[in-house]
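Peer 1: please work out how this folds:
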Amino acid sequence: MANVGFVGLGVMGSRMAERLLQKGHSLTGYNRTRAKAQFLIDKGMKWADSPRAVAAAADVTFSSVANSSALLNITEGPDGILAGLGKGKVYVDMSTVSVSTSRNVAAKAREKGADMMDAPVSGTVATLMQGKLSLMVAGKKETFERLKPLFEDFSDHPVTGQGHKVTYVGENGLALVMKIATNSNLAVQMLAFSEAVLLAEKSGISRQTAVDVLTHSAIASPMVQYRGPFVLKLPETAWFDVNMMQKDMLLALELGRQVDVPLPSAAAANEMLTSARAIGLVHEDFAVMFDALAKMSGVSR
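Peer 2: The predicted structure is shown next:
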C-alpha cells in the first residue's frame, strides 16, 4: 500500500481521495474548506494544515483544483506543494489547466529532485463510482510505469475490480491536451443534441419522446446517454457547471490558435455557453445550454 496525499477535496477530488482510502492506502489530505473533507477524516484520512504539509508527508501527492490560478495557489509559496517536495517524491496534478502552467510547475518540481505528471480524468462522479473513469497520463514513462497501479485504483470497478482505461500519452502537458480536446467535444455534442431535440419538439414531437429516441439512436455516445436527459430535468447540483466548461473551451480555443487548428464547432458551443451565462445560468450544469438555445427558439423548459 502506498503513502499518498491529496490536495483539493471538492466534489470530484474528494471522491477520488475516497477511492484511495477504499484501496487501503495511507492518505493525508488538505482542502481550503476543511468541512468538505470531514467525511474523509471520519474514514481515516489524516488532515494536513497546508498543501506543503501534504507533500512533505506523502510519497505521491495528487491534486484536483478548478483552474490554472488555483493550481498556482496550491503549488507556489512557502505553504505550497513545491515547498514540500523532495528527492524521490512525485506530484500528480489531475486538474484541467493550461498546458504551459502545468509544464512550468513540473520544471520546478524537478528542480527539487522530485517528479511531476499531469493526469486529468474523463468522467464524472457517477462514472467514477461505476468504475468507468478514464485517465490520461503524461510525464516520464518510467514514473508512469511505477505509478500505474495507483492510477488503476482510480479507474477500476469498486466491486468487480476490473479496470477501465488508463492511457500514457507522452511528455508533460500532453495529457492536458487530450483532456482539453475531449472536453471541447463534450460541449459540441451537447449543443448538437440540443439542436436535434428542439428541432423535433417544435415540429410536434414531445420532448420526452425526442430525448428517448435520440439517446437510443446512432448518435447516442456515452455523454449523450448520461447527460441528454438533463434537457428534461437538470440535476440539483451541477456535475460540471457552465463556468467550468467555458474555462475548458477557452483553453481549447487558445490551444487551437497556438497549433493552427480551426475549431468552428467548439467556437459555436462556446458562444452558447456565453448565452447561458448572460441569462443567469452560469452555475447550472453545462447541459443548460439547451435552455439558452430553447429561449432563442421561443420554447420554455
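
Peer 1: what's the weakest-modelled helix or strand in the chain?
Peer 2: Least confident helix or strand of the chain, by mean pLDDT, DSSP states H and E, is helix 125-129 with a mean of 70.

Peer 1: from Met178, how far off is Glu171?
Peer 2: 12 Å (Cβ to Cβ, to the nearest Å). C-betas here are computed from N, CA, C, even on glycine.

Peer 1: more neighbours, those two?
Peer 2: A count of neighbours by other Cβ atoms under 10 Å puts Met178 above the other of Glu171 and Met178, at 20 against 13.

Peer 1: and the closest residue to Tyr226 other than its chain neighbours, how many neighbours?
Peer 2: Leaving aside its chain neighbours, Tyr226 sits nearest to Ala126 (6.8 Å; criterion: Cβ to Cβ, 6 or more residues apart in numbering). Ala126 has 13 neighbours, counted by other Cβ under 10 Å.

Peer 1: likewise Pro51?
Peer 2: By other Cβ under 10 Å, 28 other residues sit near Pro51.

Peer 1: same check, this time on Gly280
Peer 2: Close neighbours of Gly280, defined as other Cβ under 10 Å, add up to 8.

Peer 1: how far away is Leu255 from Ala119?
Peer 2: Counting by Cβ to Cβ - Leu255 and Ala119 are separated by 18 Å.

Peer 1: out of these two, which sits in the more crowded spot?
Peer 2: Remark: of Leu255 and Ala119, Ala119 carries more neighbours, 27 against 18, as counted by other Cβ under 10 Å.

Peer 1: excluding chain neighbours, what is closest to the more buried one?
Peer 2: In space, Ala119 is closest to Val137, 4.4 Å off (Cβ to Cβ, 6+ apart).

Peer 1: tell me which residues touch Ser265, please.
Peer 2: Counting by Cβ atoms under 8 Å, 6 or more residues apart in numbering, Ser265 makes contact with Val188, Leu191.

Peer 1: re earlier: would you check that the residue nearest to Tyr226 makes contact with Pro235?
Peer 2: No - between Ala126 and Pro235 there is no contact under Cβ atoms under 8 Å: 9.9 Å.

Peer 1: dump the C-alpha coordinates for the helix or strand the residue nearest to Ala119 falls within into CSV.
Peer 2: According to DSSP states H and E, Val137 maps onto strand 134-138. Output in CSV follows, covering the C-alpha atoms of strand 134-138 (Å, rounded to 0.1, in the frame of the first residue of the first chain):
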residue,chain,number,x,y,z
SER,A,134,-10.7,7.2,-17.8
LEU,A,135,-7.3,8.6,-17.0
MET,A,136,-4.9,10.3,-19.4
VAL,A,137,-1.3,10.5,-18.0
ALA,A,138,1.7,12.4,-19.2
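
Peer 1: please consider this matter closed, and thank you.
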